[in-house]
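Enquirer: Here is my input, please return the structure:
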Amino acid sequence: MQPISSVQGKAYPLGLKNVDTDIIIPAAWLKTISRSGLGKGAFQTLRSVPGNVFDDPAYAGAPILIAGDNFGCGSSREHAAWAMADLGISAVIAPSFSDIFSGNAFKNGLLAIVLPQEAIDRLMEVAKTDEIHIDLETQTVTTPFQDRFAFEIDPFRKHCLINGVDEIGLTLKSSDAISAYENKLSASQPWLSPNQN
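Expert: Prediction:
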């Protein structure tokens, strides 16, 4: 997982409420366990409509998505976070997220920020002309117009995102302690050791 301490750039001003995981990545794209290439299917239904924000050259390569309430509702497909990351999105700002999507986003290095609707409305306006800056260290979203919106994030999630550490990485950081425990256990209770006959 890549460390993420700040994200700056254009933002897709989507703003739609109840964008479910089937809209984020349709079921037809779920036949793979690979994370690469899913960006082509990201928001396919919305992209089929002429004039959509995802195919607008003004927002090409935008690392931020601004969405409406209940973003990521629906099924628990982890492919939704993978598709967004493959599209180049590093952060999503919305008034609320489904719990499952929020968890999948975090586990895949995608920053999910909750802000009130008034802040979302302001960021939607700014996104039409200017870049947005997210600072995870200070937990703020700012604009060139001196807008400053503070957001909350679980300290554990913040630590993992800033350091680019997922669950496997956290476990590997404790490999010496795990090995010492296993050796001690094997010596004191050899019948539990998988190497014993």
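Enquirer: from here on, contacts and neighbour counts on C-alpha atoms
Expert: Will do.
Enquirer: Can you list phi and psi of T142 for me?
Expert: Per-residue torsions, T142: phi -130, psi 160 (degrees, to the nearest 10).
Enquirer: what's near enough to touch the most centrally placed residue in the chain?
Expert: By C-alpha atoms, centre = their mean, the chain has its centre lying nearest to L110, at 1.9 Å. By C-alpha atoms under 8 Å, 6 or more residues apart in numbering, L110 lies in contact with A81, A85, I89, S90, A91, V92.
Enquirer: out of those, which are inside strands?
Expert: Among the contacts of L110, the members found in strands (DSSP state E) are A91, V92.
Enquirer: Can you tell me which helix or strand of this structure has the lowest average pLDDT?
Expert: Least confident helix or strand of the chain, by mean pLDDT, DSSP states H and E, is helix 167-173 with a mean of 80.
Enquirer: Quick check: what element follows it along the chain?
Expert: For helix 167-173, the succeeding helix or strand toward the C-terminus, using DSSP states H and E, is helix 175-188.
Enquirer: Can you mark which positions in that next one are buried?
Expert: Going by neighbour count (16 or more other C-alpha atoms under 10 Å), the buried part of helix 175-188 is S186.
Enquirer: quick one: buried residues of whichever strand or helix holds F149?
Expert: Using DSSP H and E, F149 sits in strand 148-150. Within strand 148-150, the residues scored as buried using 16+ other C-alpha under 10 Å are F149, A150.
Enquirer: how far does that strand sit from the chain's center?
Expert: Strand 148-150 has its C-alpha centroid displaced from the chain centroid by 19 Å (C-alpha atoms, centre = their mean, to the nearest Å).
Enquirer: Same check on stretch 143-151?
Expert: With C-alpha atoms, centre = their mean, you get 21 Å for stretch 143-151.
Enquirer: And the average pLDDT for that stretch is what?
Expert: Mean per-residue pLDDT for stretch 143-151: 98.
Enquirer: how about low-confidence regions in the chain?
Expert: The model of the chain has pLDDT under 70 over residues 195-197.
Enquirer: What ranges does it have for its helices?
Expert: In the chain, the helices defined using DSSP state H lie at 21-24, 44-47, 79-87, 99-107, 117-127, 155-163, 167-173, 175-188.
Enquirer: Would you point to the one among those that's packed deepest?
Expert: helix 79-87 (a mean of 25; mean count of other C-alpha atoms under 10 Å).
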